[in-house]
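Asks: Okay, predicted coordinates and the sequence, questions at the end:
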Amino acid sequence: MYGTIARIHPKPGSREAMQALTDEWDRERGRVAGARATYMFRPDHDPYDRPTLFMIAIFDDETTYRANADDPKQDAWYRRMRELLEDDPDWMDGTFETA
């Protein structure tokens, strides 16, 4: 499996909008070939100097992940998400393995 983990800093008061946008992706974009799961991780305590969320997206493989990343519809969704953030996400792409 392949995907990304993004550390994101939502603007004040936008956490619920972030969750709604992620839910929308699951409903509308979640039918993308190879998409397996998306998660929004909310730490019990913010580990950084401001509110932080971690967004996780998992695909079957790198090919389907990259195809989604190159899709203009995905770019439009990302731009909507970016409006809710204080700064650009810190992306970490890579392989997901079972323990």
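Replies: Looks like it came in fine.
Asks: I'd like to know which elements the helix or strand bottoming out on mean pLDDT in the chain is packed against.
Replies: Within the chain, confidence by mean pLDDT, DSSP states H and E is lowest for helix 15-24 among all helices and strands, at a mean of 84. If contacts are counted by 3 or more Cβ pairs under 8 Å, 6 or more residues apart in numbering; DSSP states H and E, helix 15-24 sits against strand 35-41, strand 53-59, helix 72-82. In short, each C-beta sits where N, CA and C put it, glycine included.
Asks: so the most centrally placed residue in the chain bridges to which residues?
Replies: Centroid-nearest residue in the chain: Met55, 4.0 Å away (criterion: Cα atoms, centre = their mean). Beta-bridge partners of Met55, counted by DSSP bridges, are Ala6, Met40.
Asks: Offset the numbering so it begins at 343, please.
Replies: Right, with 343 as the first residue, what we last looked at is Met397.
Asks: ok, now which ones touch it?
Replies: Neighbour list for Met397: Thr346, Ile347, Ala348, Ile350, Thr364, Thr380, Tyr381, Met382, Phe383, Pro431 [criterion: Cβ atoms under 8 Å, 6 or more residues apart in numbering].
Asks: For Asp391, give its distance to Glu428.
Replies: Distance from Asp391 to Glu428, counting by Cβ to Cβ, to the nearest Å: 11 Å.
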